[in-house]
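K.L.:
Predicted model and sequence below, questions to follow.
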Amino acid sequence: MSLTISGWNLLRDKQKCFSQHKRGKPENLSPFIENNSKPQLCATSLDPCLAKENGSTSVEENPAALNLIMENYSSSSDTSESDTAGLSNTDKLAVSKECSTVAENKLRISKDKEFSHERELKQINLKIEYQGERSCQVFDRREASCATESKNLSLPSVDPITDGVKGGLVADGTAQQDTLSICELDCLNGVRVKQDHLWVPKKKGISFDLDVESTSRHNPLDISRGEENIPIPLAGDVVGNLSPEFYYTSKCVIYQNAPVTFSLAKVPEDECCSSCFGDCLNSPIACACSKETGGEYAYNADGCLHDWFLRKAIKEKIRWDVYPRDYYCPSMSSCPIERLKYVRKIESCKGHLLRKFVKECWRKCGCDKRCGNRVVQRGISRRLEVFWAPHGKGWGVRTLENLPAGAFVCEYVGEILTHEELEGRKMSKSGYLKQPFPLLLDADLCSDHVLKNGEPLCLDSTHYGNIARFINHRCYDANVLDIPILIESTDRHYYHVAYFTNRVVEVREELTWDYEIDFDDKHSLKAFQCRCGSRFCRGRDYKLSEIS
Ligand SMILES: C[S@@+](CC[C@H](N)C(=O)[O-])C[C@H]1O[C@@H](n2cnc3c(N)ncnc32)[C@H](O)[C@@H]1O
């Protein structure tokens, strides 16, 4: 599987990867192969670099520290607007601090605990209320700060004792004006900052009570908005929005030109099991749908991948150095993706892995919807949670129950785009597609029947996606594996990408997937500074110097 990150194709380069393998990979990487057990705790949890990352950046260390530092930034005890777990669509935080003079009326929202999210800022609405009068200013991303900048928002010159705050804030005040500095609000994508009682009249002091209200469309109790079979909660121990904002969808949607159409007539009789009934797994003779997996069902009665299939899939993905024959596109000219890019830029193709598919029974099949050969199409059944992942990786996904090896976690859902459309998106927006990653449907890229329209397809969950868009990367020893799944069609031009555990995963463990980033590619390196924490981390050599 190949990924495209921030404008560069991060296709695997088996030669380069092999050299990395020799450098950092142990004899047998598959934790599944290592007795199906959880691997040893990886070294990074002890890595001082990441340990620092894990803690909040000290405001004192920040040269931009302002006169007033909001030290005690904590969740408001006022839960009137909150749902359980301390979060709701209107997350409320409060800070307060006194300072001595009006001239020092500078407010800094420190990069602290919950607000060390390092998110891209879309918009801030800042409201100030003093003695019943409110002022309000909306800042969008261009005006407001990002992680390394701070932005001074100037208050009109007023006497706080008599005038209150009038006229709103202006973004470029003069030196005479008291300054409200909003720093490091990069984490507050779409957050509304409401300032109630900005100045409490005191002769020598000013106090601030700052409320931060989030304006997410996602209910933290179920960010899927009812789309999934079971709620997908946002962990209660974090405060903040899911950002950038996106629409949760449990099924892939066609963006515009992707030639994906499903029809019963297109499913050949010998590729479905119309004469089956009940549960195909109980049938004495395996049905036509099992042909794809050699006449055996990939799933067992518990809805997990059979060990034999899982082992094969792990070998395909992880032991690529051992099985180099499974690569397509030995040269640029035979790669459809490079052919598409040919006019603009010539790069030699780094290869696409030939994957083994699972074919699930579908509507043209006579079996029951509860047939054991229908797992991915039934949707998420395991209790999962989106949480604020450690080491500055942003949001991540963890399991709220113990998972056996081979358990279906979720599908990667997004917009279905042609490669050309994806390229267009990348060209049109700077910094676009930093996260989440679009996924190239290249599991059978070079089969004759696949590319009848000449274009490979991609899934992009930036605007429409499901929980999979929050799964973070881990080099080599990730605990979930992507499997190509055929459901509505046996045409491998479009297929589903489903994540399964590759070993036992314990409750509250983060679920991670190897994005297969080529860290020998300097573009990838620049675009992605890996903080996976794996002791096999491929970005490790660069990490210490690159990650501040
Ligand atoms: C598919 S998204 C995963 C969800 C993401 N963490 C979020 O908050 O939305 C991929 C992005 O997550 C972050 N990420 C994932 N794995 C990471 C890792 N091992 N090290 C550093 N950043 C990571 C990067 O910002 C990357 O662009």
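P.N.:
Nice, thanks for sending it over. Numbering: from 1, shown residues only.
K.L.:
ok, Met230 - contacts?
P.N.:
If you look again at residue 230, you'll see it is Ile, not Met. Residues in contact with Ile230 (Cβ atoms under 8 Å, 6 or more residues apart in numbering) are Ile380, Ser381, Arg383. From N, CA and C alone the C-beta is placed, and that goes for glycine too.
K.L.:
Look at the closest residue to the ligand within the stretch 251-400 of the chain and say how many residues are nearby.
P.N.:
With Cβ to the nearest ligand atom as the measure, the residue in the stretch 251-400 of the chain that lies nearest the ligand is Gly394; the distance is 2.6 Å. The local packing count at Gly394 equals 17, with neighbours defined by other Cβ atoms under 10 Å.
K.L.:
next one: phi and psi at it?
P.N.:
Its backbone dihedrals place Gly394 at phi 90, psi -150, with angles given as degrees, to the nearest 10.
K.L.:
any idea how far Phe528 is from it?
P.N.:
Distance check for Gly394 against Phe528: by Cβ to Cβ, to the nearest Å, it reads 12 Å.
K.L.:
First-to-last residue distance for stretch 397-408?
P.N.:
14 Å (Cα to Cα, to the nearest Å).
K.L.:
So the residue of the stretch 251-400 of the chain closest to the ligand is in contact with Asn472, correct?
P.N.:
Yes - between Gly394 and Asn472 there is a contact at 7.4 Å, judged by Cβ atoms under 8 Å.
K.L.:
ok, back up a step: are any of the contacts of Ile230 buried, and if so which?
P.N.:
The neighbour-count test (16 or more other Cβ atoms under 10 Å) applied to the contacts of Ile230 identifies Ile380 as buried.
K.L.:
Now distance to Lys315, secondary structure and pLDDT too, for the contacts of Ile230, in TSV please.
P.N.:
Conversion of the contacts of Ile230 to TSV gives the following (distance: Cβ to Cβ, whole Å; DSSP: H, G, I helix; E, B strand; the rest coil; pLDDT from 0 to 100):
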residue	distance to Lys315	secondary structure	pLDDT
Ile380	27	coil	98
Ser381	27	coil	97
Arg383	30	coil	97
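K.L.:
Who are the contact partners of the closest residue to His463 other than its chain neighbours?
P.N.:
If you skip the residues right next to it in sequence, His463 has Phe246 as its closest partner in space, 5.7 Å away by Cβ to Cβ, 6 or more residues apart in numbering. Residues near Phe246 by Cβ under 8 Å, 6+ apart: Ser461, Thr462, His463, Tyr464, Gly465, Arg469.
K.L.:
What backbone torsions are found at Phe246?
P.N.:
Dihedral angles (degrees, to the nearest 10) for Phe246: phi -150, psi 170.
K.L.:
Ile467 now?
P.N.:
The phi and psi torsions at Ile467 (degrees, to the nearest 10) take the values phi -60, psi -30.
K.L.:
My guess is it contacts Arg383. True?
P.N.:
No - with contacts counted by Cβ under 8 Å, Ile467 stays clear of Arg383, the gap being 11.4 Å.
K.L.:
Can you find the helix or strand of this protein with the lowest average pLDDT?
P.N.:
Of all the helices and strands that make up the chain, the one with the lowest confidence by mean pLDDT, DSSP states H and E is strand 74-75; it has a mean of 23.
K.L.:
Up against the ligand, what does this structure have?
P.N.:
By the rule Cβ under 6 Å from any ligand atom, the part of the chain lying against the ligand is 393-396, 434-437, 469-470, 472-473, 530-532.
K.L.:
which ones among these are found in helices?
P.N.:
Secondary structure assignment by DSSP state H places none of these in helices.
K.L.:
For ChimeraX, what selects the buried ones among those residues?
P.N.:
The following ChimeraX line selects those of these that are buried, judged by 16+ other Cβ under 10 Å:
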select :393,394,395,396,435,436,437,469,470,472,473,530,531,532
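K.L.:
could the contacts of Phe246 be laid out in a markdown table, adding pLDDT and secondary structure?
P.N.:
Rendered in a markdown table, the data for those read as follows (pLDDT from 0 to 100; DSSP: H, G, I helix; E, B strand; the rest coil):
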| residue | pLDDT | secondary structure |
| --- | --- | --- |
| Ser461 | 93 | coil |
| Thr462 | 89 | coil |
| His463 | 89 | coil |
| Tyr464 | 93 | strand |
| Gly465 | 95 | strand |
| Arg469 | 95 | helix |
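K.L.:
of those residues, closest to Leu264?
P.N.:
When those are compared for distance to Leu264 (Cβ to Cβ), Tyr464 comes out closest, at 26.1 Å.
K.L.:
What residues are recorded as beta-bridge partners of the closest one?
P.N.:
Tyr247 (DSSP bridges).
K.L.:
Give me the neighbour count for it.
P.N.:
Other residues near Tyr464 number 20, with proximity taken as other Cβ under 10 Å.
K.L.:
try Arg382
P.N.:
Here the neighbour count serves as a burial measure; for Arg382 (other Cβ under 10 Å) it reads 18.
K.L.:
Check it and give its pLDDT.
P.N.:
The confidence metric pLDDT takes the value 98 at Arg382.
K.L.:
what about it, is that helix, strand or coil?
P.N.:
Taking DSSP: H, G, I helix; E, B strand; the rest coil as the rule, one finds Arg382 in the coil state.
K.L.:
Determine the three-state secondary structure at Pro284.
P.N.:
What three-state DSSP gives for Pro284 is coil.
K.L.:
circling back to that earlier point, pick out the lowest-pLDDT one from the residues of the chain next to the ligand.
P.N.:
Confidence-wise, Lys434 trails the rest of these, at 51.
K.L.:
can you give me phi and psi for Glu421?
P.N.:
Glu421 has phi and psi values of phi -60, psi -40 when expressed as degrees, to the nearest 10.
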